[in-house]
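1. Provide a 3D model corresponding to the input given below.
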Amino acid sequence: EVQLMESGGGMVQTGGSLRLSCLVSGVSIDEYAVGWVRQVPGKEREGFACIENRDGNIYYEAPVRGRFTISSDSANNTVYLQMNNLKPEDTGVYYCAADESGCWGPHYEYDYWGQGTQVAVSS
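-> Got it, this is the predicted structure:
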(Lines give C-alpha, C1' and ligand atoms only; values in the text may rest on other atoms or scores of the structure.)
Protein backbone atom coordinates (compact mmCIF):
# COMPACT_ATOMS: atom_id res chain seq x y z
CA GLU A 1 0.00 0.00 0.00
CA VAL A 2 1.33 3.41 -0.96
CA GLN A 3 1.08 6.07 1.72
CA LEU A 4 2.26 9.65 1.94
CA MET A 5 2.20 11.54 5.21
CA GLU A 6 2.83 15.28 5.46
CA SER A 7 3.99 17.05 8.58
CA GLY A 8 5.38 20.40 9.57
CA GLY A 9 2.50 22.73 8.84
CA GLY A 10 1.56 25.52 11.19
CA MET A 11 1.06 29.22 11.56
CA VAL A 12 3.74 31.82 10.95
CA GLN A 13 3.95 35.55 10.36
CA THR A 14 4.71 37.12 7.00
CA GLY A 15 8.36 36.63 6.17
CA GLY A 16 8.64 33.54 8.33
CA SER A 17 9.69 30.02 7.40
CA LEU A 18 8.33 26.51 7.64
CA ARG A 19 9.69 23.14 6.64
CA LEU A 20 7.27 20.49 5.48
CA SER A 21 8.09 16.79 5.34
CA CYS A 22 6.52 14.06 3.26
CA LEU A 23 7.21 10.53 4.43
CA VAL A 24 6.56 8.08 1.62
CA SER A 25 5.97 4.36 2.08
CA GLY A 26 5.14 1.62 -0.37
CA VAL A 27 7.19 3.08 -3.25
CA SER A 28 10.66 4.53 -3.56
CA ILE A 29 11.14 8.23 -4.08
CA ASP A 30 14.07 7.28 -6.31
CA GLU A 31 11.57 5.75 -8.74
CA TYR A 32 8.55 7.99 -8.26
CA ALA A 33 8.28 11.73 -8.76
CA VAL A 34 7.04 13.55 -5.67
CA GLY A 35 5.36 16.90 -5.89
CA TRP A 36 3.92 19.48 -3.54
CA VAL A 37 0.45 20.76 -4.30
CA ARG A 38 -1.55 23.35 -2.40
CA GLN A 39 -5.16 24.33 -2.07
CA VAL A 40 -5.40 28.04 -1.43
CA PRO A 41 -8.83 29.32 -0.26
CA GLY A 42 -10.98 30.26 -3.23
CA LYS A 43 -8.68 28.70 -5.80
CA GLU A 44 -8.17 25.34 -7.45
CA ARG A 45 -5.62 22.92 -6.14
CA GLU A 46 -2.31 23.63 -7.87
CA GLY A 47 1.11 22.03 -7.86
CA PHE A 48 4.14 24.24 -7.42
CA ALA A 49 7.19 22.05 -6.83
CA CYS A 50 8.24 18.61 -7.96
CA ILE A 51 11.31 16.41 -7.70
CA GLU A 52 12.35 13.49 -9.89
CA ASN A 53 15.26 11.71 -8.23
CA ARG A 54 15.26 9.17 -11.04
CA ASP A 55 16.29 11.80 -13.56
CA GLY A 56 17.74 14.40 -11.22
CA ASN A 57 15.12 17.03 -12.09
CA ILE A 58 13.50 19.67 -9.92
CA TYR A 59 10.72 21.99 -10.99
CA TYR A 60 9.14 25.07 -9.44
CA GLU A 61 6.24 27.23 -10.47
CA ALA A 62 6.71 30.98 -10.58
CA PRO A 63 4.85 31.94 -7.36
CA VAL A 64 7.31 30.01 -5.18
CA ARG A 65 10.51 30.08 -7.22
CA GLY A 66 13.33 31.57 -5.17
CA ARG A 67 11.44 31.19 -1.87
CA PHE A 68 10.70 27.47 -1.64
CA THR A 69 13.16 24.60 -1.96
CA ILE A 70 12.25 20.95 -2.52
CA SER A 71 14.72 18.28 -1.48
CA SER A 72 14.80 14.62 -0.60
CA ASP A 73 16.40 12.04 1.64
CA SER A 74 16.44 8.70 -0.15
CA ALA A 75 17.62 6.78 2.89
CA ASN A 76 14.47 7.83 4.76
CA ASN A 77 12.24 7.95 1.67
CA THR A 78 11.24 11.48 2.60
CA VAL A 79 10.75 14.63 0.57
CA TYR A 80 11.03 18.06 2.16
CA LEU A 81 9.79 21.51 1.34
CA GLN A 82 11.64 24.44 2.86
CA MET A 83 9.46 27.53 2.65
CA ASN A 84 11.07 30.90 3.28
CA ASN A 85 9.76 34.45 3.09
CA LEU A 86 6.21 33.22 3.46
CA LYS A 87 3.36 35.49 2.40
CA PRO A 88 -0.33 35.54 3.38
CA GLU A 89 -1.19 34.27 -0.11
CA ASP A 90 0.74 31.08 0.69
CA THR A 91 -1.96 30.16 3.21
CA GLY A 92 -3.66 26.89 2.39
CA VAL A 93 -3.58 23.13 2.68
CA TYR A 94 -0.37 21.59 1.42
CA TYR A 95 -0.31 18.09 -0.02
CA CYS A 96 2.49 15.89 -1.21
CA ALA A 97 1.74 13.53 -4.06
CA ALA A 98 3.60 10.83 -5.97
CA ASP A 99 3.50 9.51 -9.50
CA GLU A 100 5.58 6.94 -11.34
CA SER A 101 5.41 8.79 -14.65
CA GLY A 102 7.12 11.97 -13.42
CA CYS A 103 6.42 15.65 -12.90
CA TRP A 104 3.77 16.94 -15.30
CA GLY A 105 2.97 20.50 -14.32
CA PRO A 106 0.77 22.32 -11.82
CA HIS A 107 -2.56 20.71 -12.68
CA TYR A 108 -1.47 17.11 -13.01
CA GLU A 109 -3.41 14.49 -11.08
CA TYR A 110 -0.82 12.42 -9.28
CA ASP A 111 -1.49 8.77 -8.55
CA TYR A 112 -1.02 8.94 -4.79
CA TRP A 113 -1.77 11.70 -2.29
CA GLY A 114 -1.23 12.51 1.33
CA GLN A 115 -3.90 13.90 3.63
CA GLY A 116 -2.51 17.41 3.66
CA THR A 117 -1.14 19.79 6.25
CA GLN A 118 -2.38 23.30 6.97
CA VAL A 119 -0.15 26.32 6.49
CA ALA A 120 -1.34 29.71 7.71
CA VAL A 121 0.59 32.93 7.18
CA SER A 122 -0.59 35.98 9.06
CA SER A 123 0.04 39.54 7.95
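2. roughly how far apart are the closest residue to residue 24 other than its chain neighbours and residue 22?
-> Distances taken as Cβ to Cβ, 6 or more residues apart in numbering place residue 77 nearest to residue 24, at 4.9 Å, with adjacent residues excluded. No exception for glycine: its C-beta is placed from N, CA and C like everyone else's. Using Cβ to Cβ, to the nearest Å, residue 77 is found at 9 Å from residue 22.
3. Counting neighbours, go ahead and name the busier of those two.
-> Between residue 77 and residue 22, counted using other Cβ atoms under 10 Å, residue 22 has the larger neighbour count: 27 against 18.
4. what helices or strands is the host helix or strand of the more buried one leaning on?
-> Assigned by DSSP states H and E, residue 22 falls within strand 18-25. In this structure, strand 18-25 packs against strand 3-7, strand 33-39, strand 78-83, strand 92-99, strand 117-122, with contacts taken as 3 or more Cβ pairs under 8 Å, 6 or more residues apart in numbering; DSSP states H and E.
5. Just want the angle from it to strand 3-7.
-> Between strand 18-25 and strand 3-7, the angle comes out at 160 degrees (axes from the mean of the first three to the mean of the last three Cα atoms, to 10 degrees).
6. can you pull the buried residues of strand 18-25?
-> 18, 20, 21, 22, 23, 24 (16 or more other Cβ atoms under 10 Å).
7. again with stretch 61-69
-> Going by 16+ other Cβ under 10 Å, stretch 61-69 has these buried residues: 63, 64, 68.
8. cool, stretch 97-112 as well?
-> So, applying 16+ other Cβ under 10 Å, buried residues of stretch 97-112: 97, 98, 99, 103, 106, 108, 110, 112.
9. With stretch 112-119 instead?
-> 112, 113, 114, 116, 117, 119.
10. The last one contacts residue 6, correct?
-> Same thing as residue 119. No. Residue 119 is beyond contact range of residue 6, at 10.1 Å (criterion: Cβ atoms under 8 Å).
11. shared neighbours of the two, anything?
-> Listed as contacting both residue 119 and residue 6 by Cβ atoms under 8 Å, 6 or more residues apart in numbering are 20, 94.
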